[in-house]
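coords below, sequence missing:
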């Protein structure tokens, strides 16, 4: 569940909230897609989950002692598929 998602902790975690995909990296958290927050209990549940996630992202950033003004994103490396 989303409570296990620790922002900036690894390069592996992916979380979904509605059709919104949240990808964890050590230098960034990427949100792609969309989430529809309907005016009902289902929308409230999604909004609450999203609020919790954003709160943990803010907490992780605020906990950094020497947060730079901006950060160069690390270029992803393409490696040969060992199974091909």
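That came through fine. Source: prediction; values computed, not measured.

what is the helix or strand where residue 46 lies packed up against?
Residue 46 belongs to helix 41-63 when elements are defined using DSSP states H and E. Packing partners of helix 41-63 (3 or more Cβ pairs under 8 Å, 6 or more residues apart in numbering; DSSP states H and E): strand 14-17. For the C-beta atoms, the positions are set from N, CA and C on the backbone; glycine is no exception.

how about a cut-off of 10 Å?
strand 14-17, strand 19-24, strand 29-34 (3 or more Cβ pairs under 10 Å, 6 or more residues apart in numbering; DSSP states H and E).

any chance of these in TSV, with mean pLDDT too?
Formatted as TSV, these follow (pLDDT from 0 to 100):
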stretch	mean pLDDT
strand 14-17	94
strand 19-24	96
strand 29-34	96
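
any idea which of these is most buried?
strand 19-24 (a mean of 16; mean count of other Cβ atoms under 10 Å).

hmm, back to that, touching the helix holding residue 46 from outside, list them.
1-3, 5-9, 15, 17-18, 20, 22, 29, 31, 35-38, 67 (Cβ atoms under 10 Å, 6 or more residues apart in numbering).

okay, buried residues for that helix please.
46, 49-50, 53, 56-57 (16 or more other Cβ atoms under 10 Å).
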